[in-house]
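Novice: could you work out the structure for the sequence below:
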Amino acid sequence: QVVEIYWALDGPAAALEVARARRGRWFDPELVTVLRALGTGDRLWSNLKTDHLSDAIASAEPLEKAIPADESRLDRIAHAFALVVDAKSSFTYRHSDRVAAASVSIAEQMGLPADQVVRLRRAALLHDIGKLAVPNRILDKAGKLDEEEWAVVKQHPYFTYEILARVPVFSDFAYDASCHHERLDGRGYYRGVSGEALSLHARI
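Specialist: A predicted model of the protein is given here:
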């Protein structure tokens with residue numbers, strides 16, 4: 001992460017220098033040695049510049065390590081991301097788990113089919129994934145947010161949609177998950193749509 005930031009700011013030499021300077025303090029010395037070996041050629045840096053970065057990453061993954069995304073694994077992935085998101089701020093510890101538990105209880109009480117309950121649980125677990133785009137200085141601010149900060153917070157459902165829509169197995173519920181701050185009267189965010197635009201899952 002640090003290397004990518006310095007590479008984007010000032011190029012390969014700056015990235016390698018910051019790794020060297022922080023060797024043994026921030027970074028494992030062996031990893032810095034490997035990075036410096038990789039960084040002597042252009043392959044690493046040209047891969048970072050390519051418009052087809054996802055293809056470059058996929059081609060580096062050993063085929064024998066491919067793991068099928070079965071239902072159980074998808075549940076574990078959703079839960080793992082929920083833990084990461086909720087750990088971002090002290091105010092949201094286990095929030096996504098609790099939203100999922102409430103959503104499942106409501107869905108079961110309403111008699112929704114089992115596959116819809118699973119879909120809803122995953123949407124609830126991932127509803128706040130867009131908060132990863134909100135700086136902690138805003139999320140953890142003790143006082144009232146100013147107008148600019150509040151505008152940033154109000155964009156997190158948008159980022160939830162953008163992230164989930166790009167993942168085929170989660171795109172089906174991206175819209176519902178991103179509607180978690182909408183209101184029936186249309187005064188919610190980020191879309192500001194009224195109840196007619198909200199599915200049953202989004203309302204739950």
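Novice: could I get the contacting residues of the residue nearest the centre of the chain?
Specialist: By CA atoms, centre = their mean, the chain has its centre lying nearest to Ile129, at 4.4 Å. Contacts here follow CB atoms under 8 Å, 6 or more residues apart in numbering; on that basis Ile129 touches 81, 85, 159-160, 163-164, 177. All C-beta spots, glycine's among them, are computed from the backbone N, C-alpha and C.
Novice: again with Ser89
Specialist: So Ser89 contacts 131, 136, 139-140 (CB under 8 Å, 6+ apart).
Novice: can you get me a residue count around Asn136?
Specialist: A count of neighbours around Asn136, defined by other CB atoms under 10 Å, yields 11.
Novice: any idea of the pLDDT on it?
Specialist: Predicted confidence (pLDDT) for Asn136: 86.
Novice: that one and Phe91 touch, don't they?
Specialist: No: contact criterion CB atoms under 8 Å: Asn136 and Phe91 do not qualify, at 10.9 Å.
Novice: what residues of stretch 158-172 count as buried?
Specialist: Buried residues in stretch 158-172, counted by 16 or more other CB atoms under 10 Å: 159-161, 163-165, 170.
Novice: show me what that stretch is in contact with.
Specialist: Contacts of stretch 158-172 (CB under 8 Å, 6+ apart): 69, 74, 78, 119, 122, 126-133, 173-175, 177-178, 180, 190.
Novice: now the helices for the chain?
Specialist: 2-10, 12-21, 29-39, 43-49, 53-60, 71-87, 95-109, 114-126, 136-139, 147-153, 156-165, 168-171, 174-177, 200-203 (DSSP state H).
Novice: state the mean pLDDT of the last one.
Specialist: Within the predicted structure, the mean pLDDT of helix 200-203 is 96.
Novice: ditto for the third one
Specialist: pLDDT averaged over helix 29-39 equals 92, rounded to a whole number.
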